[in-house]
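J.: The sequence isn't on hand, but the structure is:
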């Protein structure tokens, strides 16, 4: 059983060494533990610091962002023969001593993907608004994925080889939300375990501003959910539009024929017709999107078999 701990990095020369030195190198149930660092186009000495601290493998990229670095790390771990993969942050945010706890559900056969729960509702270094948003966002992702994950944005997670083979990252922003929705819709067993955190060493680079974070996270959730449940999404939109058309049409009938009011309702009738046509077209788009989604699932299965070899 081979475990590879991957660490996506961007200009982390000051802290990556300490992060690597705190990683456990012997874990019960695991024969080999290796460390892989993904250097996402750093302009400092991140790669050198990682190598000096004991990193076994270093993957160098042009700067592509966290999501792409995470995906590149998974591909490298699979090529290196990993049976288990743990992803952690370079800034030493997560307590490395909890890695055995993180991989336990996979070793016991209870899960293929395990997410570390930081207890975001009570984290002291999170502002009150951020805590509420984290809890709310995790609830939204849990409903979209059909799984119960209290800390959806946690990057401290473990994947089995099977889960890594089936993970496809399309986002350029962050992998955390998208991969959970994907795992839920792929019916992979997902678990959550409580983990500890270390005091923050620097402000988050992913959440540069609350507005940007909310915008990007919302886009990621909506796009990922629409990708896997297109018929449901477009059916809801189509029914809402058709309901509006029926309501406006009913208003015209009531006022004109039941109440006998001779008023000009031409604008309302035009609006009702437009809403009805657009609503019907939206339902058809949903049907086409569902067929495309089914074709995408077949392509994902082909890709999975090719990666599996």
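T.: Here it is on my side, so go on. Just so it is clear, the structure is predicted and the values come from calculations on it, not from any experiment.
J.: same for the biggest helix by length in the chain, what does it pack against?
T.: As assigned by DSSP state H, the longest helix anywhere in the chain is helix 266-308. Here helix 266-308 touches helix 161-166, helix 210-228, helix 230-253, going by 3 or more Cβ pairs under 8 Å, 6 or more residues apart in numbering; DSSP states H and E. Heads up, the C-betas are built off the backbone N, CA and C, glycines and all.
J.: The same query, at a cut-off of 6 Å, please.
T.: helix 161-166, helix 230-253 (3 or more Cβ pairs under 6 Å, 6 or more residues apart in numbering; DSSP states H and E).
J.: In CSV: those, plus distance to residue 22, mean neighbour count and mean pLDDT.
T.: What follows is the helices and strands packed on helix 266-308, written out as CSV (distance: least, Cβ to Cβ, whole Å; neighbours: other Cβ atoms under 10 Å; pLDDT from 0 to 100):
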stretch, distance to residue 22, mean neighbour count, mean pLDDT
helix 161-166, 24, 20, 92
helix 230-253, 43, 16, 91
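J.: which one of those helices lies closest to residue 143?
T.: helix 230-253 (12.0 Å; Cβ to Cβ).
J.: from the chain's centre, how far out does the closest one sit?
T.: Relative to its parent chain, helix 230-253 has a centroid offset of 31 Å by Cα atoms, centre = their mean, to the nearest Å.
J.: Low-confidence bits of this structure, can you list those?
T.: 121-127, 129-131, 201-210, 213, 260, 262-264 (pLDDT under 70).
J.: Check whether the residue positioned nearest the centre of it sits in a helix, strand or coil.
T.: Nearest to the mean C-alpha position of the chain, by Cα atoms, centre = their mean, lies residue 177 at 2.0 Å. Taken by DSSP: H, G, I helix; E, B strand; the rest coil, the conformation at residue 177 corresponds to helix.
J.: and if you look at residue 180?
T.: helix.
J.: Likewise for residue 4?
T.: Residue 4 - assigned by three-state DSSP - is strand.
J.: who's in contact with it?
T.: By Cβ atoms under 6 Å, 6 or more residues apart in numbering, the contact list for residue 4 reads 34, 36, 77, 82, 85.
J.: cutoff 8 Å now
T.: Applying Cβ atoms under 8 Å, 6 or more residues apart in numbering, we find residue 4 in contact with 33-36, 57, 77, 80, 82, 84-86.
J.: do the same with residue 20
T.: 7, 35, 37, 50, 53-55 are the contacts of residue 20 under Cβ under 8 Å, 6+ apart.
J.: what's the closest of the residues you listed to residue 113?
T.: residue 7 (18.3 Å).
J.: Beta-bridge partners for that closest one, please?
T.: For residue 7, the beta-bridge partners under DSSP bridges are residue 37.
J.: I'd guessed it sits against residue 19; true?
T.: Yes: Residue 7 lies in contact with residue 19 (Cβ atoms under 8 Å); the separation is 6.6 Å.
J.: Please identify every residue contacting each of the two.
T.: 88-90.
J.: just those now: which is nearest residue 218?
T.: residue 89 (22.8 Å).
J.: Doesn't that closest one lie inside a strand?
T.: No: Residue 89: not assigned to a strand; according to three-state DSSP it is coil.
J.: Report how many residues lie close to it.
T.: Using other Cβ atoms under 10 Å, residue 89 has 21 other residues around it.
J.: mind checking the SS state of the closest residue to it other than its chain neighbours?
T.: The spatial neighbour of residue 89 that comes closest, neighbours along the chain excluded (Cβ to Cβ, 6 or more residues apart in numbering), is residue 155 at 5.4 Å. Here residue 155 is coil, with the state taken from three-state DSSP.
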